[in-house]
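1. predicted model and sequence below, questions to follow.
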Amino acid sequence: MVNTGRTEHVLGGHKDSVTCVKWGGTSLIYTASYDRTIIVWDARAGTLVHHLKSHTARVNQLALSTDFVLRTGFFGHTKNVPDDKADRRAAARDRYEQCLRREAGTVSERLVSASDDNTMFLWDPTNNGNKPVVRLLGHQNVVNHICFSPDVSLIASASFDNQVKIWSAKYVPVGS
């Protein structure tokens, strides 16, 4: 398909400045805003899927459990690079699927949000809908950056409290 240069969708649901946008591997787009919310969009249709509203101050940053593998594809930090295109796609798909959460027959990316309210929330929008899985407390000032480790077992957060904290990304689903 030739790039037409035209706008496909306008995602206009926030009530204040948008601070972060992430394109997930499951055809979802995640946006964060100064309006204290995160919106999950269907990228193909341009429609709202979830409106996440648990932060009490502006949301600064989002991280997806699949960020690293979406960025690196089939490169697995080894010298074993697949020779042909089909093998490269298969290797990238395998690495991507290792970063997903499987629960009750559904597969999802995990999302973590960082806010001016000094907190972070871990989300599972596919399985948990609009409710956060867990609230991460411990910073004494604005949390301005977050990311998952390449193996998705940890989350790193940076704050204006002059600290970087490392968190476990493992969680027990609510109700278990």
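-> Perfect, I can see it now.
2. contacts and neighbour counts: CA atoms only from here.
-> Noted.
3. got a list of what Val143 touches?
-> 60, 114-120, 157-160 (C-alpha atoms under 8 Å, 6 or more residues apart in numbering).
4. okay if I get those residues as a markdown table plus secondary structure?
-> As requested, those are exported to a markdown table (DSSP: H, G, I helix; E, B strand; the rest coil):
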| residue | secondary structure |
| --- | --- |
| Asn60 | strand |
| Ala114 | strand |
| Ser115 | strand |
| Asp116 | coil |
| Asp117 | coil |
| Asn118 | coil |
| Thr119 | coil |
| Met120 | strand |
| Ser157 | strand |
| Ala158 | strand |
| Ser159 | strand |
| Phe160 | coil |
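5. only whichever of those residues are buried, select them in ChimeraX.
-> In ChimeraX syntax, the buried subset of these is picked out as below (16 or more other C-alpha atoms under 10 Å):
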select :60,114,115,116,117,118,119,120,157,158,159
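6. I'd guessed Val152 sits against Asp67; true?
-> No: Val152 is beyond contact range of Asp67, at 9.6 Å (criterion: C-alpha atoms under 8 Å).
7. helices or strands up against the helix or strand hosting Trp167?
-> Element membership for Trp167 (DSSP states H and E) is strand 164-168. If you count contacts as 3 or more C-alpha pairs under 8 Å, 6 or more residues apart in numbering; DSSP states H and E, strand 164-168 packs onto strand 154-159.
8. and the pLDDT for the spatially closest residue to Leu64 that is not a sequence neighbour?
-> Distances taken as C-alpha to C-alpha, 6 or more residues apart in numbering place Leu111 nearest to Leu64, at 4.7 Å, with adjacent residues excluded. For Leu111, the model assigns a pLDDT of 90.
9. quick thing: my sequence starts at 2, can you match it?
-> Sounds good: first residue 2 from here, last item Leu112.
10. Leu112 and Asn129 touch, don't they?
-> No: using C-alpha under 8 Å, Leu112 is not in contact with Asn129, being 11.3 Å away.
11. more neighbours, the two?
-> Leu112 (23 against 13; other C-alpha atoms under 10 Å).
12. list the contacts of the more buried one.
-> Taking C-alpha under 8 Å, 6+ apart, one finds 63-66, 123-126 in contact with Leu112.
13. kindly report the same for Trp168.
-> Neighbouring residues of Trp168 by C-alpha under 8 Å, 6+ apart: 155-157.
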